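# After the sequence you'll find the predicted model.
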Amino acid sequence: MKQLVRNVKILGTGSYVPETIYTNEYLETILPTTAQWVYDNVGIKERHIASPEQATSDLATIAGQRAIEDAGLKSEDIDLIIVATSTSDRKAPSTAAFVQHKLNAFNAAAFDLTAVCSGFLFGMSVASQYIASGVYNNVLVVGADTFSKITDWRRRDAIFFGDGAGAAVVTSANVTEGFLAYRLYTDTSNEMLGFTIPGGGSEIPLTPDNMDEQYFQMNGKAVFASATIALPKAINQVLRDTGLTIDDIDIMIPHQPSIRILQKTAEIIGLPFEKVMTNMDKYANTSGATIPILLDEVNKSGKLKKGNIVLFAAVGSGWTYGASIIKWA
């Protein structure tokens, strides 16, 4: 029987973080907190910060170029660029358009996708539909954010975020490998503004009198409560979709909200925590970039083996959340 829908795999990965580092020890000199409290409660030791001259597209371009090279392709081989970001260069054009221009990937269509910390997972799902249907052959998906530019460095919650970008090239696969399932959700029923960036849009345009509205606002308790319900729900659903059990998962590559959220999620789903990959100690929460940066690190370290069953999961503002499973090719 002829296969009408193609399987989809990840062909190459790349990532980039800026050179400047804010350690916990530096933050305790400017914020009402201590370095030890930050590490004990959220698992972060330091975060990378973009320079004033670096836009989100600058980080995304470097990560994207590295993913294209890792895939053994050239920029002109890319058919579509999707950039998942909540900190776009400008309101218009899209950050993806800037990335296309800087990569000289002029054969590619390009657009942004906004699902905050779940953005890369949502972007991968969209890319997979284009590959599976045969519309495109090579799609570059980038998760990139510069939350340092919307952080109020006078507030205690400035500890949570760092800047960075990660990318993956998605292409077709044979019938025995690639993505096995995706599940995406958006739940606006309970405290949907538990994380928000109120100003700068059509609801609250920024004026000289409300510039503090440009900074992110977060209810940490609401994030924890939502995440530890959403992530297990999505993960258990993709396990049912694929007929796999949690014991079949070799590696989990999750979004990096806080170490306590990941520990609680692993406990609920019954996954040994040594299978849960983390790097938030080095980079903090880089929003849409967490999964592709971690994926690139795990991939380049040699931990991923052909045939491994890999679980992705993310939760973000909205609340957006989801999970997917791939058989690594």
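Perfect, thanks for sending it.

# show me where the stretch 201-329 of the chain has helices.
220-242, 259-269, 280-283, 290-301 (DSSP state H, counting those that start in this stretch).

# quick one, what contacts the residue nearest to Ile293 when sequence neighbours are not counted?
In space, and not counting its chain neighbours, Ile293 is closest to Gly166: 3.9 Å by C-beta to C-beta, 6 or more residues apart in numbering. Where you see a C-beta, it was placed from the backbone N, CA and C, and this is true even at glycine. Contact analysis of Gly166 by C-beta atoms under 8 Å, 6 or more residues apart in numbering lists 13-16, 63, 120, 142-144, 289-296.

# let's see it at 7 Å
Gly166 makes contact with 15, 63, 143, 289, 292-293, 295-296, according to C-beta atoms under 7 Å, 6 or more residues apart in numbering.

# And for Pro257?
Contact analysis of Pro257 by C-beta under 7 Å, 6+ apart lists 117, 223, 227, 285, 315.

# Repeat that for Asp163.
Applying C-beta under 7 Å, 6+ apart, the residues near Asp163 are 17-18, 48-50, 59, 145-148, 286.

# do that again at 10 Å, thanks
Contacts for Asp163 (C-beta atoms under 10 Å, 6 or more residues apart in numbering) come out as 16-18, 20, 22, 47-51, 54, 56, 59, 87, 144-149, 151, 283-284, 286-287, 289.

# So which of these sit within helices?
Here DSSP state H is the test, and the contacts of Asp163 give 56, 59, 283 as lying in helices.

# Which of the residues you listed are buried, as a ChimeraX select command?
Restricted to buried positions by 16 or more other C-beta atoms under 10 Å, the ChimeraX selection for these reads:
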select :56,59,283
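
# Out of the ones in helices among the contacts of Asp163, which comes closest to Ile253?
Ile253 has its nearest neighbour among these in Tyr283, at 13.8 Å by C-beta to C-beta.

# Tell me which stretches of this structure form strands.
Using DSSP state E, the strands of the chain run over residues 7-16, 20-23, 46-49, 80-84, 109-113, 139-146, 163-173, 178-186, 195-196, 217-218, 251-254, 309-316, 320-327.

# of all those strands, which lies closest to Ser125?
Nearest to Ser125, of all those, is strand 178-186, at 4.7 Å by C-beta to C-beta.

# other SSEs contacting the closest one?
Other elements packing on strand 178-186 under the criterion 3 or more C-beta pairs under 10 Å, 6 or more residues apart in numbering; DSSP states H and E are strand 7-16, helix 119-133, strand 163-173, helix 220-242, strand 309-316, strand 320-327.

# TSV for the ones you listed, including mean pLDDT and distance to Tyr185?
Shown next, in TSV, are the helices and strands packed on strand 178-186 (pLDDT from 0 to 100; distance: least, C-beta to C-beta, whole Å):
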stretch	mean pLDDT	distance to Tyr185
strand 7-16	98	20
helix 119-133	97	10
strand 163-173	98	21
helix 220-242	95	6
strand 309-316	97	9
strand 320-327	97	5
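
# just those: most buried one?
Of those, the one with the most neighbours on average (mean count of other C-beta atoms under 10 Å) is strand 163-173, at a mean of 28.

# Let me know the angle separating it from strand 178-186.
Strand 163-173 and strand 178-186 are oriented at 130 degrees to each other (axes from the mean of the first three to the mean of the last three C-alpha atoms, to 10 degrees).

# Measure how buried the closest residue to Ser226 other than its chain neighbours is and give me the count.
Distance criterion C-beta to C-beta, 6+ apart; nearest residue to Ser226, sequence neighbours excluded, is Trp319 at 5.0 Å. For Trp319, the count of nearby residues is 25 (other C-beta atoms under 10 Å).

# for Trp319, what are its contacts?
116-118, 185-192, 194-195, 222-223, 226-227, 229-230.

# Check what pLDDT it gets.
The confidence metric pLDDT takes the value 95 at Trp319.

# domains of this structure?
8-176, 179-328 (the TED database).

# Can you tell me which of these is most buried?
Most buried of these, by mean neighbour count (mean count of other C-beta under 10 Å): domain 8-176, with a mean of 21.

# distance between the ends of it?
End-to-end distance for domain 8-176: 10 Å, by C-alpha to C-alpha, to the nearest Å.
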